[in-house]
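Asks: Compute the structure for the input listed below.
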Amino acid sequence: MQLPDEITIDSVRYAKGRGPEVSISWLRLDKSDPITGGNKWFKLQHNLRTFRAGSYQGVLSFGGPYSNHLAALAECCRREGIPCIGIVRETEAGMDTITLQRAAQSGMRIEVVSRSEYRALRNPDYQIHFLKQFGNMMLIPEGGSNLEGVLGCSSISDFIPSRFTDVALPVGTGCTLCGIDRSLPSAQRLLGIKVLEARQESQPFCDGLSQRVSWESGFTFGGYARTDQALMDLVFDWNFRFPDIPIEPVYTGKLLFGVLSLMERGELNRDGQVLLCHTGGLQAYVR
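Replies: Prediction:
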C-alpha cells in the first residue's frame with residue numbers, strides 16, 4: 001500500500017448560525033480516496049504487511065452493514081489480490097446497503113450472522129471455534145483496531161504542522177487517537193470527540209496515553225450513528241458552503257459540532273490554532 005500523496009490542510013472561515021466567524025482547518029486524510037482514504041489506509045497498512053509476512057490464505061474481519069472499515073478493507077484487498085471475508089451483523093434495516101454492495105463488488109465474501117452470534121464473537125474462545133470453518137485466515141478486528149492499526153496511525157503525525165496547538169479528531173474505538181499520541185510532539189494537545197458511548201481509553205492498545213490527551217463525550221447525540229436536527233442542520237449547512245470539504249454526520253459532523261461548541265464556550269482557541277482530522281467515512285455518500 002503506497003502512502004497517500006494528496007493529504008493537505010484546508011482552512012476556511014465559518015460562522016455557525018448567528019455565532020461568530022471562526023477559522024476551521026482540516027487535515028484532509030480523506031482526500032486521497034473516498035473509500036480507502038481517511039484513517040482507514042493508516043489502520044490497514046501494517047495489518048496487510050503482517051498478512052504478507054505470514055502464511056495466511058486471506059483476511060477476515062467484522063462489521064455492520066454500514067462499516068467504512070469493511071468497504072475499505074475489501075477495496076484494499078482487491079487491489080492487492082488478497083481473498084477477504086466480512087462477517088456482518090444483521091440489522092432490521094436489511095443488508096442491501098451501498099457499503100455491502102461496494103464490498104461485494106470489490107470481491108469480499110459476505111457472511112451474515114445474527115446479533116447474538118456477533119456479540120458472542122467478542123469472546124476469544126468462541127471466536128476461535130467460529131473461525132475454524134474459514135481456514136487459515138488472518139483476523140483483523142472490528143474497525144481495524146489493533147496494535148497494527150495503532151502503529152499505522154502513528155504516521156498521521158507526520159502530516160501535522162507544529163503551528164497547531166490542538167489536534168482534534170472523532171473517536172470510535174480510539175485506535176487512531178492512540179496512534180497519533182505515540183508520535184505527536186509533546187507540545188501539542190490531542191482532543192478526542194467521542195462518537196459513541198464507550199470507554200475507548202480502556203482499550204488494551206491505548207495503554208500509556210500521554211497526559212496531553214483529553215476526551216469529550218458530550219457530542220455522541222445518544223449513540224453511534226445517532227443524530228438530531230441540530231447536527232443534521234450543521235452538516236447540511238457546511239456541505240452547502242464548502243462542497244470541496246464534505247463531512248458526514250457519523251464522524252466528521254460530530255467532530256465539527258463538538259469543536260465549534262467548545263470554541264463557543266471558550267474551551268478551544270478560535271484563531272486557527274486547532275486542527276481537525278478528517279478521518280473519511282464518506283464511502284456511503286459517493287457512487
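
Asks: can you map out the strands along the stretch 1-150 of the chain?
Replies: Using DSSP state E, counting those that start in this stretch, the strands of the stretch 1-150 of the chain run over 9-15, 21-28, 58-63, 84-89, 109-113, 137-140.

Asks: List the contacts of the nearest residue to residue 153 once chain neighbours are set aside.
Replies: Nearest residue to residue 153, sequence neighbours excluded (CB to CB, 6 or more residues apart in numbering): residue 179, at 2.6 Å. All C-beta atoms are positioned from the backbone trio N, CA, C, and that covers glycine. Applying CB atoms under 8 Å, 6 or more residues apart in numbering to residue 179 gives the contacts 42, 149, 150, 151, 152, 153, 154, 155, 156.

Asks: Looks to me like residue 179 is in a strand.
Replies: No. Secondary structure of residue 179 (DSSP: H, G, I helix; E, B strand; the rest coil): helix, not part of a strand.

Asks: Report the separation between it and residue 34.
Replies: 22 Å (CB to CB, to the nearest Å).

Asks: cool, and residue 122?
Replies: 30 Å.

Asks: Between these two, which is the more surrounded one?
Replies: Between residue 122 and residue 34, counted using other CB atoms under 10 Å, the more crowded position is residue 34 (19 against 11).

Asks: correct me, but the more buried one touches residue 286?
Replies: Yes. The pair residue 34 / residue 286 is scored as a contact, 4.6 Å apart, by CB atoms under 8 Å.

Asks: Next step: the contacts of residue 179 restricted to helices.
Replies: The helices, defined by DSSP state H, take in 42, 149, 150, 151, 152, 153 from the contacts of residue 179.

Asks: Looking at those residues, which is nearest residue 266?
Replies: Lowest distance from residue 266 to those (CB to CB) belongs to residue 153, with 30.1 Å.

Asks: who touches stretch 273-281?
Replies: Contact with stretch 273-281 is made by 9, 24-31, 34, 37-40, 68, 156, 160-161, 163-170, 176, 180, 245, 247-248, 250-252, 255-256, 259, 263, 268, as judged by CB under 8 Å, 6+ apart.

Asks: Cool, thanks, signing off.
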